[in-house]
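Sequence below, structure please.
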Amino acid sequence: MERLFIALLLLQVALGAIDTIAHHELMEKLANRRSAALELKLHSARGFVYGFLFLIFAWIKPQGAWLAAVWALVLIEVGITLWDFVVEDATRLLPSTERVLHTILAVNGGAMFAVYALATRADWSAPSALLANSHGWASWALTAAAIGIAVSALRDGLAARANAAEPAPRALLAEHPQSGFLLSGGTGFIGTALVEGLLAGGHRVTVLSRDPRRAALRFGGRARCIADTAELRDDEAIDVVINLAGAPVVGPRWSPARKRALLASRIDTTDGLRAWCERSQRKPALWLQASAVGVYGAHALSAPELRDPPPVRGDFPSELCVAWERAAAKVSAQGVRVATMRLGLVLHRSGGLLPMLSLAASLGGAARLGDGRQWFAWVHLDDVLGFVEQAVEHVGIRGPYNLVAPGGCTQAEFTRALARSLHRPAFMRMPAAPLRLALGEMATMLLDGPVVAPQRLLDQRFRFLHPDLDSALSAAHAGLDINPRSFYSGEGHPKDQHGTVASH
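Residues are numbered from 1 along each chain as shown. Predicted coordinates:
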């Protein structure tokens, strides 16, 4: 009976690890969500209880009153799990795989504790004692699991505290007349920040999402969420379209099928939005188009902000960005002002690559990639939001902009600064050859990079909140939301006479 209990216990450990890594970390990224603070607290508390129980099961045979104490811990764990189920359903729409795995965990957990009850039924009447009880290699496996669970619980607890302390999203365009915004990609990292900020600013927001139920739950029902542009009326009062939608470029290797999927995820959404604009009786004043500095090609040494740069053949990010920009540029024929955001790596604790890079650096894994001399263009999320505000308010902002900070650096410099901000060393090096072997063509995103500067923004006197890397990393780690009165001090870019978004 004990062997069956240990087998079920090890299965519970494996299933729990899969749930934590696949769902909580990779898919849902709970540690970076302000709304997940309570769920993370429950995960942390349950993790410490589980870790303690695993150590007991690994090495100790409790009897009498000590056995009652163990069952009290089991009941506490069950209570936390039930509470966690309620919180999850109230704050997010769980992926189907997570629901299935939770069901399997619940069934296995019930079987596990039932077997434990049968195996220890004679120990209730024994004198109260804690007896040594080793299960050989399984005891050491459970000990390792207990340590891993405790580390995960500590991380969840710290993340919950950071999320709870993070200020509410700052209101975007709070002094601007109420406007209608249509966002694709509104549940992504940048899109979520924009939607929450626009809602806080009192604006009407429509989110185009593949899963409108999940999007509606994420924004507490405050945003209108649709699955298709066919749901938009011809007389919709949409003033600004912000097109961010696109499958993540970082992921599986870029096979021909994967490239087609990445391209389709961007072009199909853009074509749908443009088709709505063409039939709309009330054209939007502004179309904000996402792109990336990869448009210039991985090896560009000086990237001028050309309105329509030619794609660099054989460089997939360049071809992808050029095709995306050209699909959106056609809307200008409808009299819509188009501004393109050619983004570098966007820094903030709530998403993007920074949380993953910070976790690696905090564990001592900050590494120089290749020779480390490749250019690393970055921008803080606060400055992205500031640019959106200025693009809405100032009709002089049109065409392409390199949305990167003036304090660009090499990859080695970024790694040293990141490690320094976390008080960790940065002595590791990852040679280029294994990266290119493992990632294929995608490795160019890590080992190469165009040298870009925000020339048009500087010419138009855009004020960066975080122009240097140390400031940006400090703000990103702290999760600061700064509410400037103005990011922009240029002249000659007036609003229209009513203060609304002007179209020309």
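
For the stretch 101-250 of the chain, just list every one of the helices.
137-165, 189-200, 212-218 (DSSP state H, counting those that start in this stretch).

Which parts of the stretch 301-450 of the chain are strands?
Taking DSSP state E, counting those that start in this stretch as the criterion, the stretch 301-450 of the chain carries its strands at 337-343, 345-347, 367-369, 375-376, 378-380, 399-403, 409-410, 428-430.

pLDDT weak spots in this protein?
Scanning the chain for pLDDT under 70 picks out 303, 478-504.

Kindly recompute the last result at 80.
1, 26, 32-35, 162-169, 301-306, 476-504 (pLDDT under 80).

Let me see the contact set for the residue most central in space within it.
Most central in the chain under Cα atoms, centre = their mean is Gly351, positioned 3.1 Å from the mean C-alpha point. Listed by Cβ atoms under 8 Å, 6 or more residues apart in numbering, the contact partners of Gly351 are 29, 32, 188-190, 192. Every C-beta, even on glycine, is put in place using the N, C-alpha and C of the backbone.

how about CSV for the strands of the stretch 301-450 of the chain, with distance to Ser134 and mean neighbour count added?
Putting the strands of the stretch 301-450 of the chain into CSV (distance: least, Cβ to Cβ, whole Å; neighbours: other Cβ atoms under 10 Å) gives the following:
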stretch, distance to Ser134, mean neighbour count
strand 337-343, 56, 23
strand 345-347, 49, 23
strand 367-369, 39, 19
strand 375-376, 51, 22
strand 378-380, 52, 26
strand 399-403, 59, 23
strand 409-410, 53, 17
strand 428-430, 38, 15
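
Out of the ones you listed, which gets nearest to Asp234?
strand 337-343 (20.6 Å; Cβ to Cβ).

And that closest one, what does it pack against?
Here strand 337-343 is seen to pack against strand 286-292, helix 316-329, helix 381-393, strand 399-403 when contacts are counted using 3 or more Cβ pairs under 8 Å, 6 or more residues apart in numbering; DSSP states H and E.

Quick one: distance of it to the chain centre.
In terms of Cα atoms, centre = their mean, to the nearest Å, the centre of strand 337-343 is set 22 Å apart from its chain centre.

tell me the angle that strand makes with strand 399-403.
Interaxial angle, strand 337-343 versus strand 399-403 (axes from the mean of the first three to the mean of the last three Cα atoms, to 10 degrees): 20 degrees.

which other residues reach strand 337-343?
Here strand 337-343 makes contact (Cβ under 8 Å, 6+ apart) with 285-293, 295, 305, 321, 325, 328-329, 331-332, 379, 384, 387, 391, 395, 397-404, 452, 503-504.

Next, count neighbours for Leu101.
The number of residues packed near Leu101 is 18, by other Cβ atoms under 10 Å.

Against Ala7, how distant is it?
19 Å (Cβ to Cβ, to the nearest Å).

Please apply the same query to Ala160.
33 Å.

So for those two, which residue has more residues nearby?
Ala160 (22 against 13).

before we move on, back to that, determine which two of the contacts of Gly351 are furthest apart.
Using Cβ to Cβ, the two most remote members of those are Lys29 and Ile190, lying 13.7 Å apart.

Settle it for me: which of the two has more neighbours?
In terms of neighbours (other Cβ under 10 Å), Ile190 is the more surrounded of Lys29 and Ile190; the figures are 24 against 17.

which residues touch the more buried one?
244, 290, 346, 351, 381, 384.

In JSON lines, list those along with distance to Glu231.
Formatted as JSON lines, the contacts of Ile190 follow (distance: Cβ to Cβ, whole Å):
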{"residue": "Leu244", "distance to Glu231": "19"}
{"residue": "Ala290", "distance to Glu231": "22"}
{"residue": "Val346", "distance to Glu231": "29"}
{"residue": "Gly351", "distance to Glu231": "27"}
{"residue": "Leu381", "distance to Glu231": "29"}
{"residue": "Val384", "distance to Glu231": "28"}
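
Of the residues you listed, just say which sits nearest to Gly79.
In terms of Cβ to Cβ, no member of these lies closer to Gly79 than Gly351, at 31.9 Å.

Could you report the separation of the closest one from Leu158?
Using Cβ to Cβ, one gets 18 Å for the distance from Gly351 to Leu158.

repeat for Phe376
Counting by Cβ to Cβ, the gap from Phe376 to Leu158 is 27 Å.

out of the helices of the stretch 101-250 of the chain, which comes closest to Pro467?
helix 189-200 (19.4 Å).

Sketch out the helices for the stretch 401-504 of the chain, chain order is fine.
With DSSP H, counting those that start in this stretch as the criterion, the stretch 401-504 of the chain has helices spanning 411-421, 432-439, 444-447, 455-459, 469-478.

Now do the shortest one: everything it contacts.
Just to be clear, that refers to helix 444-447. With contact meaning Cβ under 8 Å, 6+ apart, helix 444-447 is reached by 249-250, 294, 298, 315, 317, 369-370, 374, 411, 432, 435-436, 439.

Tell me the most packed of those, by neighbour count.
Neighbour max across these (other Cβ under 10 Å) = Gly294, 28 neighbours.

Surely it and Pro317 touch.
Yes - the pair Gly294 / Pro317 is scored as a contact, 3.3 Å apart, by Cβ atoms under 8 Å.

for the closest residue to Leu306 other than its chain neighbours, what are its contacts?
Of all residues not flanking Leu306 in the chain, Pro400 sits nearest, at 7.1 Å (Cβ to Cβ, 6 or more residues apart in numbering). By Cβ under 8 Å, 6+ apart, the contact list for Pro400 reads 291, 305-307, 325, 339-340, 342, 456.

at 10 Å what do you get?
289, 291, 295, 304-309, 325, 329, 338-342, 456 (Cβ atoms under 10 Å, 6 or more residues apart in numbering).

That one and Arg463, how far apart?
Distance of Pro400 to Arg463, given as Cβ to Cβ: 20 Å.

Could you give the number of residues near Leu354?
Applying other Cβ under 10 Å, we find 25 other residues in the vicinity of Leu354.

check contacts around it.
Applying Cβ under 10 Å, 6+ apart, the residues contacting Leu354 are 32, 189, 345-348, 361, 378, 380-381, 418, 472-473, 476-477.

Name the nearest of those relative to Val87.
Asn32 (17.2 Å).

one step back: give me the common contacts of Lys29 and Ile190.
Common neighbours of Lys29 and Ile190 (Cβ under 10 Å, 6+ apart) are 350-352.

just so I have it, where are all the strands in the stretch 1-150 of the chain?
Using DSSP E, counting those that start in this stretch, strands in the stretch 1-150 of the chain cover 60-63, 129-132.

Thanks a lot, catch you later.
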